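**Q** what follows is a predicted protein model with its sequence.
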Amino acid sequence: MTLQDLPAVNASLNATATIFIVAGIFFIKKGDKRAHIICMITALLVSAAFLTCYLIYHYSNLTTKFTYEGWPRLIYFIILFTHIPLAAISLPMIIMTVIPAIRTRFDKHKRIARWTYPVWLYVSVTGVLVYFMLYQWFPPSG
């Protein structure tokens, strides 16, 4: 595997996190706490792997510019400019959600999770969309 493979790895990790976030929400709404915990821990670990790969990739200064013109460019930048700030705040939000759960303060965990999970889910989904727009659907020419 090379550094150029990391965007696809990152998209795969984001997609996997998305699946586990959705499954975790499904299970907690069904009252299956054990399945919820397993899904959310898995989503957390997958997201940590994503963050590691993301930082390695961007630390190496590899970037790809979105060069496609027209409406796809507008859509790409709308997604990107909402994704970036929400990605930045998602990590502290996730930490603030996990700590009360570890401390068995489920009232506080639930209160914070209502805000965290939609942000985390949005960041995961839009991360995959950014990858597809940048590398698959509208790749740079040449």
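**A** In hand now; what should we look at?

**Q** from here on, contacts and neighbour counts on C-alpha atoms
**A** Fine.

**Q** pretty sure residue 54 sits against residue 6.
**A** Yes: shown here, residue 54 and residue 6 form a contact pair, counting by Cα atoms under 8 Å, at 7.4 Å.

**Q** quick check: neighbours shared by those two?
**A** With Cα atoms under 8 Å, 6 or more residues apart in numbering applied, the contact sets of residue 54 and residue 6 do not overlap.

**Q** contacts only, for the residue nearest the centre of the chain.
**A** Nearest to the mean C-alpha position of the chain, counting by Cα atoms, centre = their mean, stands residue 124 at 2.6 Å. Contact analysis of residue 124 by Cα under 8 Å, 6+ apart lists 14-15, 17-18.

**Q** swap in residue 131?
**A** By Cα under 8 Å, 6+ apart, the contact list for residue 131 reads 7-8, 11.

**Q** buried only: go through the residues you listed for me.
**A** Those of the contacts of residue 131 that meet the buried threshold are 7, 11, by 16 or more other Cα atoms under 10 Å.

**Q** can you name every helix or strand that the longest helix anywhere in the chain contacts?
**A** Longest helix of the chain, by residue count under DSSP state H: helix 71-102. Packing partners of helix 71-102 (3 or more Cα pairs under 8 Å, 6 or more residues apart in numbering; DSSP states H and E): helix 106-131.

**Q** the helix it packs on vs helix 71-102, what angle?
**A** On the basis of axes from the mean of the first three to the mean of the last three Cα atoms, to 10 degrees, helix 106-131 is oriented at 160 degrees to helix 71-102.

**Q** what average pLDDT does stretch 25-43 get?
**A** Averaged across stretch 25-43, the pLDDT comes to 98.

**Q** what's it in contact with?
**A** Contacts of stretch 25-43 (Cα under 8 Å, 6+ apart): 16-18, 20-21, 23-24.

**Q** quote the end-to-end distance of it.
**A** End-to-end distance of stretch 25-43 (Cα to Cα, to the nearest Å): 11 Å.
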